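Colleague: Build me a model from this:
(chains A and B)
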Amino acid sequence: MDLLLLGVSHHSAPVDLRERVDFSKRGVVQALQELAISSAPTEAVILTTCNRAEIYVVCENLETTRADLTRFMSRFHGVPEEELHPHLYSLSGSKVARHLFRVAAGLDSLVIGEPQIFGQVKEAYAVASEQQHTGTLLNKLFSWSFAAGKRVRAETGLGEGAVSVAYAAISLARKIFGRLKERTVLVVGAGEMAELTATHLQSQQVQRIAVSSRTLTRADALARKVGGTAVAWSAVDDELLRADIVVTATGASTPLLSASTIDRVMRARRNRPLFIVDIGLPRDVDPAAGELEQVFLYNIDDLRTIISENLARREEQTALAETMICDEVENFAAWQRSRGTIPAVVALRRRFEEVRKSELERLAPKLTGLTPEAKARVEEVTRLLVHKLLMTPTERLKTVNDEAAAARYAETISQLFSLDDPAQTEEPHSTEPGNEVSSSTSKAPVTS
Amino acid sequence: MNLFPLLPYTVAGIAYGIHFCRRSLQIGRLATTTLAAAALIHTFVIGMQTVQVGHLPFAGTEAVISAFVWLLAVAYLYTEVTTDERAMGVFIVPLLVVLQGVSALGDRVIEPAAPVLDSPWFAVHVLSLLFAYAGFALACVVGITYVLLFRELKSKQLGFFAERLPSLQVLDKMNGRAVGVGWLFLTAGLVVGAVWLFQLQPDSVDPRVRAMSFFDPKISVVLLSWGVYSFELYARRSIGWSGKRAAWLSALGFSIVLLNLVPVGYFLTESHNF
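Modeller: Residues are numbered from 1 along each chain as shown, chains lettered A, B, ... in the order given. The predicted structure follows:
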């Protein structure tokens, strides 16, 4: 059984193709069901985001499964194989683990360290797990990826610092005011940027959003979208007295707010801090207003500088994050190698259990005089005996993380206990019954 | 004896420094634990001294400084635990180390206090002032951090402090509260001292009591600090002097308090040499 990944992402495919292979359009559940019918992976998880569509499977034969998955993607999305093929990437074995751990940590994202991907990986796994498409290997792989992602975020600065204009504005506002719940926002302008920033501020549950635009109907439309109040253009000065945060994003060719206006407002506000985000081009606020003591004026370039600094800081952390991912991949691979002995362990346990059951069946006529409690006791004692006998060898076998050694152990055990020969199940019948009974009963007090 | 808590205070100071730079949670917890241990040892030392002389060891400049350090450590630990904010430790704990060092350098055997101090007014007077000074120390540190963060935000060069400190508004509120509480205790301490002095002065032969007047440096400087803090509170409420101006005023006020506590207390006063 091996791990296999097939997918497309922003690294390999243009956006129009990524849009066409988006599993969320027809539903991941539907895709998982069709995948289970059309090919033979024993376990499968489908991860789909705006930047990637990936199928993680556990399979017997890598080559045939890879071809099956390609056919499945092509058929499911209605994209010809020859068109899809050049943009597909495929990984197997521990490379799958490395890829998934990097994805969960945000190292493979378009914006390095972005946090949403972690939730998307969790969601993908939850859906597959709910639909019972995951087993031991994918359960372990994904839970390991969550731990790796969390570790990278906790021990590096990879997820720190805002990397979009709206988030940069919000993080600055938080640095000035702390929680934004009791804050009042004035948005001047009703364009796309104004809407984006206002929407982000709304998500911070600010107390009030006032929207003003030269055209009141546009202000009203945006106000309704963000749960705010439209105010007349002439009332902007009054709103400035109340607002803690002002977002200006108009297309005006000259500054709307002069330094003297803001100075007058600040006096009336008794120097209460005012955070102004001027994302208009050309600028809407006279830059001299930034010199006033409690005025924090940031324009679009200032925000972009902060973003690029944050991105650079994230880049610096990637080497450390990659080292952590390598550690985690190595640990996962060691766990996987230790699984090489699992079939032998399972077969050994099955053989012992068969022997126990057949011996009890054979001795059943001799045990008829026993009370039901005594019979149950015999059952329990024999089970404990088998369990104790196998405990040490089982634990030792599970710690073998060298593939060759695991194969050697498996071979030896198989030969010693004839695990490949089903006829051996009957062998214990030839042993002396009297001895068996006496040995079982004599051990009962020891195991209880 | 004042040397015993100095070592754990120093270790805590180093741990707070490392925590501030690296932002490691484990080191932060270690710093808090070490500071709590230092405060505990300090409590034990003050307890021993109390048992030894039969009253709270507040007579003499070293003892007063040591008690102030203890009080500030406890006040800071309380603030840290209630606000879950460790960033101030790097500014407060070095102050504790320096002041405890000053106290330990001039460590004298605590002697029973002068008979004139054998009054319930004494403990109320000294404790009120020490509480006030602890509040002012916190306000000063919070004010300094406010200015550091304010500068980063104004210059648009966000970095070291912006990543580590709470918001400007939180710092400003903390400063206002610390000054408010400190001012109440300072006023109470001064009123109690004045009432007590009026009771003592007509009959007292102790030259230190007779030297107590507005012209004694210890008293005139403490009145100056009262004036600075009163102005800060007035300006904050009435003329909108919050934020940076309030921060500078609390730094100025605490400089005057420190001046009164160490150089004036050691070399200049004729009235408070008990």
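
Colleague: buried ones in the helix or strand hosting residue B:76?
Modeller: Under the criterion of DSSP states H and E, residue B:76 resides in helix B:61-83. Across helix B:61-83, burial judged by 16 or more other CB atoms under 10 Å in any protein chain shown covers B:61-77, B:79-80. C-beta: built from backbone N, CA, C; applies to glycine.

Colleague: ranges for the helices of the stretch 201-350 of chain A?
Modeller: Along the stretch 201-350 of chain A, counting by DSSP state H, counting those that start in this stretch, helices occupy A:216-225, A:236-242, A:259-268, A:300-338, A:342-363.

Colleague: Ok, chain B next?
Modeller: For chain B, the helices defined by DSSP state H occupy B:3-22, B:25-53, B:61-83, B:89-105, B:120-155, B:160-164, B:168-200, B:207-210, B:217-238, B:243-259.

Colleague: For residue A:258, which of those is the nearest?
Modeller: Of all the helices of chain B, it is helix B:120-155 that lies closest to residue A:258, at 19.7 Å by CB to CB.

Colleague: how about the strands of the stretch 51-200 of chain A, start to end?
Modeller: A:52-59, A:89-92, A:184-188 (DSSP state E, counting those that start in this stretch).

Colleague: mind listing what residue A:284 touches?
Modeller: Residues in contact with residue A:284, defined by CB atoms under 8 Å, 6 or more residues apart in numbering or on different chains, are A:188-189, A:248-250, A:252, A:255-257, A:278.

Colleague: can we see that at 10 Å?
Modeller: Residues counted as contacts of residue A:284 (CB atoms under 10 Å, 6 or more residues apart in numbering or on different chains) are A:188-189, A:246-252, A:254-257, A:276, A:278, A:299.

Colleague: Among these, which ones are in strands?
Modeller: Here DSSP state E is the test, and those give A:188, A:246-248, A:276, A:278, A:299 as lying in strands.

Colleague: ok, the residues you listed vs chain B, which is closest?
Modeller: residue A:299 (9.5 Å; CB to the nearest CB).

Colleague: I figured that closest one was touching residue A:278, is that so?
Modeller: Yes - contact criterion CB atoms under 10 Å: residue A:299 and residue A:278 qualify, at 4.5 Å.

Colleague: Is there contact, residue-wise, from the helix holding residue B:76 to chain A?
Modeller: No - Helix B:61-83 is not in contact with chain A by CB under 10 Å from any CB of the partner chain; minimum separation 11.5 Å.

Colleague: Next, the angle from that helix to helix B:25-53.
Modeller: Interaxial angle of helix B:61-83 relative to helix B:25-53 (axes from the mean of the first three to the mean of the last three CA atoms, to 10 degrees): 140 degrees.

Colleague: Now do helix B:61-83 against helix B:168-200, angle only.
Modeller: 140 degrees.

Colleague: quick one, domains of the chain?
Modeller: If you meant another chain, say so; for now it's chain A. A:2-155, A:165-293, A:339-447 (automatic domain parsing).

Colleague: Chain B is the one I meant
Modeller: According to automatic domain parsing, the ranges for chain B are B:1-113, B:116-274.

Colleague: Quick one: mean pLDDT for the first one?
Modeller: If you average the pLDDT over domain B:1-113, you get 85.

Colleague: Quick check: PyMOL command selecting the buried ones in the contacts of residue A:284.
Modeller: Entered in PyMOL, the line below selects the buried ones among the contacts of residue A:284, by 16+ other CB under 10 Å:
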select buried, chain A and resi 188+189+246+247+248+249+250+255+256+257+276+278+299
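
Colleague: Confidence-wise, which of the contacts of residue A:284 comes last?
Modeller: Scoring the contacts of residue A:284 by pLDDT puts residue A:251 last, at 80.

Colleague: how close does that residue get to chain B?
Modeller: 24 Å (CB to the nearest CB, to the nearest Å).

Colleague: one step back: can you redo the helices of the stretch 201-350 of chain A as a markdown table with mean neighbour count and distance to residue B:170?
Modeller: Shown next, in a markdown table, are those (neighbours: other CB atoms under 10 Å in any protein chain shown; distance: least, CB to CB, whole Å):
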| stretch | mean neighbour count | distance to residue B:170 |
| --- | --- | --- |
| helix A:216-225 | 17 | 30 |
| helix A:236-242 | 17 | 21 |
| helix A:259-268 | 16 | 21 |
| helix A:300-338 | 17 | 21 |
| helix A:342-363 | 16 | 55 |
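
Colleague: rewinding a little: so for residue A:299 and residue A:278, which residues contact both of them?
Modeller: Contacts common to residue A:299 and residue A:278, judged by CB under 10 Å, 6+ apart, are A:248, A:284-285, A:287, A:290.

Colleague: I'd like to know how far the residue of chain A found nearest chain B sits from residue B:237.
Modeller: Going by CB to the nearest CB, chain B is nearest to residue A:270 of chain A, at 3.1 Å. Going from residue A:270 to residue B:237 by CB to CB, to the nearest Å gives 10 Å.

Colleague: got it, and residue A:20?
Modeller: 64 Å.

Colleague: the more surrounded of these two?
Modeller: residue A:20 (16 against 12; other CB atoms under 10 Å in any protein chain shown).

Colleague: Now do the same contact list for the more buried one.
Modeller: So residue A:20 contacts A:8, A:13, A:53, A:77-79, A:83-84 (CB under 10 Å, 6+ apart).

Colleague: ok, and the most crowded of those?
Modeller: Of those, with other CB under 10 Å as the count, residue A:53 tops at 26 neighbours.

Colleague: how much space between that residue and residue A:47?
Modeller: 7 Å.

Colleague: now swap in residue A:223 and tell me
Modeller: 38 Å.

Colleague: what's the answer for residue A:170, then?
Modeller: For residue A:170 relative to residue A:47 (CB to CB), the value is 28 Å.

Colleague: Who has more neighbours out of these two?
Modeller: Taking neighbours as other CB under 10 Å, residue A:170 and residue A:47 compare with residue A:47 leading, 26 against 21.

Colleague: If that one is in a bridge, with which residues?
Modeller: residue A:54 (DSSP bridges).

Colleague: Give me every residue in the stretch 251-400 of chain A lying close to chain B.
Modeller: A:266-267, A:269-273, A:275, A:290-291, A:293-299, A:301-303, A:305-306, A:309-310, A:313.

Colleague: Kindly indicate which of the contacts of residue A:284 lies nearest residue A:353.
Modeller: Closest to residue A:353, out of all of the contacts of residue A:284 and judged by CB to CB, is residue A:247, at 70.5 Å.
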